[in-house]
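S.K.: pasting the structure only:
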């Protein structure tokens, strides 16, 4: 959770650099607040490298692609022996809230002070996002129901924080499958958000070392996110 949250903060800081605006200044022509909302996240752990108690972890975040409205970054966490122990990749898009409900968002854009770059990274990441979007949930097993608590699950913008999707997948998968086996890789595709106190149903299926999961909101049974994780074999 820490690496994902921290990488998200670095991601937003890079966007501020490329737009010359702080997040509170991201607004459309009508003055509506624009958010950089995550569509795709992946986190890879190098489990063969240890992190010791006295290690000072270095953090290196770089932009991989920026073509409005999409931005992709990669953040590396490096131990005292220069080993990359965690790698986080994030793709976001600009959106605005199109109503009072958290279920109504539309795409937006912000002027850049940079030429577009990283077309190949954008194409491959969007391709993977679409593949996850097309996953078939029919064989997934219902494993838990979660009632959204805004004081815990929401961010300052009053919708569900992107890292909390990962937290919920991890929390309910661990209660169903072997929680003692560490994860080597997890990717999440985000499709929608939720309203306060809405109920979310979590579905999952394990295939050997892989777990496929999905979340659906109670209001319309829409899939709001899917997760694909791979356990470490050491």
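M.R.: Thanks, I have it. Note that this is a predicted model, so its numbers are computed, not measured. Residues are numbered from 1 along each chain as shown.
S.K.: what's the following helix or strand after the helix-or-strand element of the chain with minimal mean pLDDT?
M.R.: The helix or strand of the chain with the lowest confidence, counting by mean pLDDT, DSSP states H and E, is strand 105-107 at a mean of 80. Going down the chain from strand 105-107, the next helix or strand is helix 119-133, by DSSP states H and E.
S.K.: what are the buried residues along the lengthiest helix in the chain?
M.R.: Secondary structure of the chain per DSSP state H: the longest helix is helix 2-19. Buried residues in helix 2-19, counting neighbours by 16 or more other CB atoms under 10 Å, are found at 3, 4, 6, 7, 8, 10, 11, 12, 14, 15, 18, 19. The way it works is simple: take the backbone N, C-alpha and C, and place the C-beta from them, glycine included.
S.K.: outline the domain layout of the chain.
M.R.: Domains of the chain are assigned by automatic domain parsing as 1-134, 136-234.
S.K.: and residue 207, what pLDDT?
M.R.: Residue 207 carries a pLDDT value of 86.
S.K.: same check on residue 89?
M.R.: pLDDT recorded at residue 89 is 98.
S.K.: repeat for residue 177
M.R.: 64.
S.K.: average pLDDT for stretch 220-234, rounded please.
M.R.: The average of the pLDDT scores along stretch 220-234 is 90.
S.K.: so which bits of that stretch are buried?
M.R.: Buried residues in stretch 220-234 (16+ other CB under 10 Å): 223, 224, 225, 226, 227, 228, 229, 231.
S.K.: let's have these in TSV, adding distance to residue 125.
M.R.: Output for the buried residues of stretch 220-234, formatted as TSV (distance: CB to CB, whole Å):
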residue	distance to residue 125
223	19
224	19
225	16
226	15
227	16
228	14
229	18
231	23
